[in-house]
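Trainee: A predicted structure for the sequence below; I have some questions about it.
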Amino acid sequence: MERRSALKGIGSMLLAPALPFKNILPGEKPVLRVAHLTDIHLKNKFDAPARFTKCLHHMQEQSPKVDLVLNGGDVVFDMNKENIGTITDQWKLYKSVWENECKLPVNYCLGNHDIWWNENDKAQALYGKKYSMDQLGLQTPYYSFIKGGWKFILLDSVHLDIDNTWYIGKLGDEQFAWLENELKTTNPSMPVLVMTHIPILTATNLIEDNIVNKWTMLGGDMHTDVSKIISLFYKHPNVKLCLSGHIHLREKLIYNNVTYICNGAVSGAWWEGNRRETAPGYGVIDLFADGSFKEDYVNY
């Protein structure tokens, strides 16, 4: 395929509208309104606590009201190489702001910045994902639940790379087998929403500066098992929507009738303005009983 044709095809994929089962009738009410907050990166700097508070108030003032918050990970600024004191302070700050400023129920998935990878502390019991799971009340790093007639599947997309020093996007054999079974045992008439931190599928890495004729897609920027996951979703047409964060850019694309949305970042460019053309914000999604949905990215 010539380069011009390839780019034209990518543009069509990016600009395609989300196609619902049917046209949503005027006055038809959603079964659930969800807010998708991701990449908060909270720390006591950049006026971040006050700005996060503003975001929470803005979200709770939405009309109709938000019923549920999905937190897409990178809750704190960074755990990767920090000492335990700094990590503890960041989590205390996050929990304090959330408990004081938001009364909505919330479900979490883990982001890469929520995982402790300080090589000097590998022997400690809290090394890896345990610390954050304890903070968030997670028994397992991936799980599902049903609400409003939709099934929500929250996956763990962050794993150590083959050299065990950095991360890569994937599910791994055990989690993939769990996902297979989860979809197989779900009523095929029940619509499914999937949330990951790292995008399963994204075209945002095409937006780079000074590219001559070749793009680089790193395994930390998109799921390395994307083909395997997409093939699984193809067998289950009730999978309708996949939410992600990580990239800090707003993106919506459709592939095989599944809509993949990256909802920017609450922190924008880590609390220092816009990330390229994407301003700090969050997603609002109206879910309907037939599996259709309406969604928007909201700047606060």
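Mentor: It's in.
Trainee: ok, T204 - contacts?
Mentor: The neighbourhood of T204, defined by Cβ atoms under 8 Å, 6 or more residues apart in numbering, consists of D221, I247, L249, E251, C262. Any C-beta I mention is one placed from the backbone N, CA and C, and that applies to glycine too.
Trainee: recalculate using a threshold of 6 Å.
Mentor: With contact taken as Cβ atoms under 6 Å, 6 or more residues apart in numbering, T204 is in contact with I247, L249, E251.
Trainee: where's it relative to K129, distance?
Mentor: 25 Å (Cβ to Cβ, to the nearest Å).
Trainee: rewinding a little: which of the contacts of T204 fall in strands?
Mentor: Among the contacts of T204, the members found in strands (DSSP state E) are E251.
Trainee: what about F176, which helix or strand?
Mentor: helix 173-184 (DSSP states H and E).
Trainee: list the buried residues for that helix?
Mentor: For helix 173-184, burial by neighbour count (16 or more other Cβ atoms under 10 Å) applies to Q175, F176, W178, L179, E182, L183.
Trainee: do stretch 79-92 as well
Mentor: Under the neighbour-count criterion of 16+ other Cβ under 10 Å, stretch 79-92 has M79, E82, I87, Q90, W91 buried.
Trainee: A strand includes the fourth one, no?
Mentor: No. The assignment for Q90 is helix, going by DSSP: H, G, I helix; E, B strand; the rest coil, so no strand is present there.
Trainee: show me what contacts it?
Mentor: Residues in contact with Q90 (Cβ under 6 Å, 6+ apart) are K43, V76, F77.
Trainee: what about the first one, how many neighbours?
Mentor: Applying other Cβ atoms under 10 Å, we find 19 residues neighbouring K43.
Trainee: can you check the one 5 residues further on too?
Mentor: With neighbours defined by other Cβ under 10 Å, the count for A48 comes to 20.
Trainee: that one touches E272, doesn't it?
Mentor: No. With contacts counted by Cβ atoms under 6 Å, A48 stays clear of E272, the gap being 10.1 Å.
Trainee: quick one: low-confidence ranges for the stretch 151-300 of the chain?
Mentor: Along the stretch 151-300 of the chain, segments meeting pLDDT under 70 span 165.
Trainee: quick one: the helices in it?
Mentor: 173-184, 226-234 (DSSP state H, counting those that start in this stretch).
Trainee: with respect to L104, which of the ones you listed lies nearest?
Mentor: helix 173-184 (25.1 Å; Cβ to Cβ).
Trainee: before we move on, the earlier item: between the contacts of Q90, which is closest to P141?
Mentor: V76 (16.2 Å).
Trainee: show me the contacts for the closest one.
Mentor: For V76, the contact set (Cβ under 6 Å, 6+ apart) comprises L42, Q90, W91, Y94.
Trainee: turn those into TSV, columns for distance to G137 and pLDDT.
Mentor: Listed next are the contacts of V76 as TSV, based on distance: Cβ to Cβ, whole Å; pLDDT from 0 to 100:
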residue	distance to G137	pLDDT
L42	17	96
Q90	17	93
W91	12	94
Y94	13	97
